[in-house]
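> below: sequence and its predicted model.
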Amino acid sequence: MDALTRRRGWLTTKLRTRPVIPAMFTRDDVSAFLDADAPIGIVANLDLLDLEPALANLAAHERFGFVNADSVAGLVVDRGGIDFLAKIGAAGIVTTRASAVGRIESTGMVAMQKLFVTDRLNLPRSTHGLEGSHPSFVQIMPAPVLPYVMDEPVMNISPVIAGGFVTNERSLLAALACGAAGVSTSQRSLWNYRKEDV
């Protein structure tokens, strides 16, 4: 079994009971994530120089660290940027760039392709693009659109992670009820959520 298959399986298993993926925007968020017991997190908006030590800290605490590569200043999501993230210990990458998915997953990292749903008209084109890139996970933003797309083909390409406007347990449960496998949120009060608490 290769690294990508192992990582996908581990993530799928963890999300069944721990569907909240903390989104970290500052070094303080990274510290708060390590104080929580969520197993998976997304690092975003950190300075490029802070990224490697943050990922090393996550790995030392046996946490799975995605990097939102589109939001790290100075980082380009091209072959060199992807290889750099693999070298410094990223376990996965979040990006809007369909063209990067194959390269990300060829390194053994997990690709989560972000999709912003602004209206129903762009959905068929976006769905077709996702079918072509076939990332391990699809992040649909913002989460409140899920009731409008839950019966659409986009929900069946890869497991869906909802993001944006997940601010309380009600919005978290609403996203899960619409078929999301997990949610990403910066709301620290949700980071310790366990599905068996329901």
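Cool, got the structure.

> identify the single longest strand in the protein, thanks.
Among the segments of the chain that qualify as a strand by DSSP state E, the longest is strand 110-116.

> what lines up beside that one in the sheet?
Listed by DSSP bridges, the sheet partners of strand 110-116 and their directions read strand 92-95 (parallel), strand 137-141 (parallel).

> other residues contacting that strand?
4, 7-8, 11, 66, 68, 70, 91-98, 100-101, 104-105, 126, 130, 133, 135-142, 154, 161, 163 (Cβ atoms under 8 Å, 6 or more residues apart in numbering). Where you see a C-beta, it was placed from the backbone N, CA and C, and this is true even at glycine.

> give me the mean pLDDT for it.
Taken as a whole, strand 110-116 has a mean pLDDT of 97.

> centre of the chain to it, how far?
7 Å (Cα atoms, centre = their mean, to the nearest Å).

> dump the strands paired with strand 110-116 into CSV; add mean neighbour count as well.
Output for the strands paired with strand 110-116, formatted as CSV (neighbours: other Cβ atoms under 10 Å):
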stretch, mean neighbour count
strand 92-95, 27
strand 137-141, 24
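
> quick one: closest of the ones you listed to V183.
The closest approach between V183 and any of the strands paired with strand 110-116, judged by Cβ to Cβ, belongs to strand 137-141 at 9.6 Å.

> hey, C-alpha coordinates of the closest one in CSV?
C-alpha atoms of strand 137-141 as CSV (Å, rounded to 0.1, in the frame of the first residue of the first chain):
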residue,chain,number,x,y,z
PHE,A,137,-11.3,15.4,-1.1
VAL,A,138,-13.4,18.3,-2.4
GLN,A,139,-13.8,21.4,-0.2
ILE,A,140,-17.0,23.1,-1.0
MET,A,141,-17.3,26.7,0.1
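
> elements contacting the very next helix or strand once past that strand?
Moving toward the C-terminus from strand 137-141, the first helix or strand encountered (DSSP states H and E) is helix 146-149. Using 3 or more Cβ pairs under 8 Å, 6 or more residues apart in numbering; DSSP states H and E as the contact criterion, the elements in contact with helix 146-149 are helix 169-177.

> what's the helix it packs on in contact with?
Applying Cβ under 8 Å, 6+ apart, the set of residues contacting helix 169-177 is 19-20, 143-144, 146-147, 162, 165-166, 183, 185, 190, 193, 195, 198.

> if we go to 7 Å?
Contacts of helix 169-177 from elsewhere in the structure, counted by Cβ atoms under 7 Å, 6 or more residues apart in numbering, are 19-20, 143, 146, 162, 165-166, 183, 190, 193.

> show the buried residues in those residues.
Among the contacts of helix 169-177, the ones that count as buried by 16 or more other Cβ atoms under 10 Å are 19-20, 143, 146, 162, 165-166, 183, 190, 193.

> sort out for me which of these are in helices.
When DSSP state H is applied, those are split such that L146 fall in helices.
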